[in-house]
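Asks: my questions concern the predicted model and sequence given below.
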Amino acid sequence: MSIGPKAEAKYNATIFLQMLSNEGGLRTAKTLINAAKPSDGYTELYLRKRLDLTVEAVVTENSRWHSLFEPEELELARKRLRDYGYKVSD
């Protein structure tokens, strides 16, 4: 079980947690993946070398979530990760 960004990356994802509370997990993930630019949280995790904790990584690396997303959304998530130097499995 993952501990999460706060403990693992010393990052308190306040806005992300608020989004989860207000919109639920799937809508939050889709919003973040489809955003024109990475979220502040994504940037913070990148700076901490913990892109593995991003929504993009969690969604693309675990096939159990794939059916919830359009193929284009999965590719957007993979592209964002690649653009930031994260090794993506296709």
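Replies: Yep, it's here.
Asks: can you give me the pLDDT of residue 4?
Replies: Predicted confidence (pLDDT) for residue 4: 55.
Asks: in the protein, where is pLDDT below threshold?
Replies: Counting by pLDDT under 70, the chain shows low-confidence ranges at 1-11, 90.
Asks: so how far is residue 85 from the residue nearest the centre of it?
Replies: Nearest to the mean C-alpha position of the chain, by Cα atoms, centre = their mean, lies residue 55 at 1.6 Å. As defined by Cβ to Cβ, to the nearest Å, residue 55 lies at a distance of 17 Å from residue 85. Any C-beta I mention is one placed from the backbone N, CA and C, and that applies to glycine too.
Asks: and what of residue 64?
Replies: 26 Å.
Asks: residue 41 too?
Replies: 17 Å.
Asks: what about these two, which has more around it?
Replies: Taking neighbours as other Cβ atoms under 10 Å, residue 41 and residue 85 compare with residue 41 leading, 21 against 9.
Asks: the more buried one touches residue 19, doesn't it?
Replies: No. At 9.4 Å, residue 41 does not count as touching residue 19 under the criterion of Cβ atoms under 8 Å.
Asks: picking that back up, which residues touch the residue nearest to the centre of the chain?
Replies: Contacts for residue 55 (Cβ atoms under 8 Å, 6 or more residues apart in numbering) come out as 28-29, 32-33, 42, 77.
Asks: now the helices for this protein?
Replies: Assigned by DSSP state H, the chain shows helices spanning 5-9, 14-23, 25-34, 40-47, 55-61, 71-83.
Asks: please identify the most buried of the ones you listed.
Replies: Highest mean neighbour count among those (mean count of other Cβ atoms under 10 Å): helix 55-61, with a mean of 21.
Asks: how near is residue 20 to residue 58?
Replies: From residue 20 to residue 58 the distance is 13 Å (Cβ to Cβ).
Asks: oops, could you answer that again for residue 84 instead?
Replies: For residue 84, the distance to residue 58 - Cβ to Cβ - is 15 Å.
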